[in-house]
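> need a 3D model of the following:
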Amino acid sequence: MSAAKIKFLRADGTSPLQGHHWPLPTDEGPGAWLPAITGKPVACRNGYHATGLNNLLEWLNKSAYEVESQSEWIDCGDKFVTAGPVRLTRKLALDDRIARHFACDCAERVLPIFERARPNDMRVRECIATARAFADGNATQAQLAAAAAAAGDAAWDAAADAAWGAALAAAWDAAADAADAARAAARDAARDAADAARDAARDAARDAADAARAAARDAAGDAACKWQSERLRQYLYGEVAL
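Prediction:
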């Protein structure tokens, strides 16, 4: 399974970048071989391209197929390239319904972040539920649009709450600055020296904290992408019951 190469195509079987049409597999077997290319395969310039199971999100499109090559696949990081010949061996499980459920899974996974901040606001949760119902043919386009609009309002409300908090903090900072200015006349050289020392320590601590937060943020993003890619793989291979 780890060696599988995946080709995402538009619904009509054409490549989303070059518009080249790939012969599609049928119930009788794989699609026809595409001929080998001339010259050395180079990513984004020359050759047939596919992705591995670890980079599914970057290339997601309307349909997905396993693809094989008679020559070596060259690993280019976010894609693979080969000289071919190549062919699509089988269609994987991907359609509009699956794509909608996958999107709902991703939204549902981070929903607790929103609900911790706004525990009584059910609009986003209800939007996800409506999107699932729509995917299964149990909600109308109008219901989906209304739920999406409500979820958008919830997002704006959450942003407004954050903005209000920032404005309040700014007001307190302004008041503190005014008080500091009144006390500044009474400060002596020793106090200034102490402030400078504290500033240096604070800046060093802040820099370390910023680095730690950035590392944690990157790690969280990587973990989320890894989970989403694995979840998409499960859908593609029919491992998710719908």
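> show me the shaky parts of this structure.
Scanning the chain for pLDDT under 70 picks out 1-2, 162-220.
> can I see the domain layout of it?
1-92, 96-186, 188-242 (automatic domain parsing).
> in TSV, list these along with mean neighbour count.
To be clear about C-beta, it is placed using only N, CA and C from the backbone, and glycine gets the same treatment. Putting the domains of the chain into TSV (neighbours: other CB atoms under 10 Å) gives the following:
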stretch	mean neighbour count
domain 1-92	16
domain 96-186	13
domain 188-242	12
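> just the strands in this structure please.
Using DSSP state E, the strands assigned to the chain run over residues 6-9, 48-50, 63-69, 74-75, 80-82, 86-91.
> what would the ones you listed look like in a markdown table with distance to residue 144?
Shown next, in a markdown table, are the strands of the chain (distance: least, CB to CB, whole Å):
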| stretch | distance to residue 144 |
| --- | --- |
| strand 6-9 | 25 |
| strand 48-50 | 33 |
| strand 63-69 | 23 |
| strand 74-75 | 40 |
| strand 80-82 | 37 |
| strand 86-91 | 27 |
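> looking at those, which is nearest to residue 27?
strand 86-91 (10.0 Å; CB to CB).
> what is the closest one packed up against?
Applying 3 or more CB pairs under 8 Å, 6 or more residues apart in numbering; DSSP states H and E, one finds that strand 86-91 contacts strand 63-69.
> centre of the chain to the strand it packs on, how far?
Distance of strand 63-69 from the chain centroid (CA atoms, centre = their mean, to the nearest Å) equals 22 Å.
> same question, stretch 49-66
14 Å.
> end to end, how far does that stretch reach?
Length of stretch 49-66, first residue to last, CA to CA, to the nearest Å: 12 Å.
> in this structure, which spans are helices?
Listed in chain order, the helices of the chain (DSSP state H) span 56-59, 96-117, 123-135, 141-184, 189-236.
> circling back to that earlier point, select, out of the strands of the chain, the one closest to residue 233.
Once the strands of the chain are compared by CB to CB, strand 6-9 is nearest, at 8.9 Å.
> which residues are contacting the closest one?
Under the contact criterion CB atoms under 8 Å, 6 or more residues apart in numbering, strand 6-9 has outside partners 15-16, 22, 49-53, 56, 59-67, 88, 92, 236.
> please tell me I have it right and residue 54 contacts residue 229.
Yes. Taking contacts as CB atoms under 8 Å, residue 54 lies within contact range of residue 229: 6.2 Å.
> common neighbours of these two, please.
By CB under 8 Å, 6+ apart, no residue touches both residue 54 and residue 229.
> which residues touch residue 21?
12-15.
> please redo it, this time with the cut-off set to 10 Å
By CB atoms under 10 Å, 6 or more residues apart in numbering, residue 21 lies in contact with 9-10, 12-15, 34.
> name the nearest of the residues you listed relative to residue 26.
residue 13 (11.7 Å).
> isn't that closest one up against residue 64?
No. Residue 13 is not in contact with residue 64 according to CB atoms under 10 Å; the separation is 11.6 Å.
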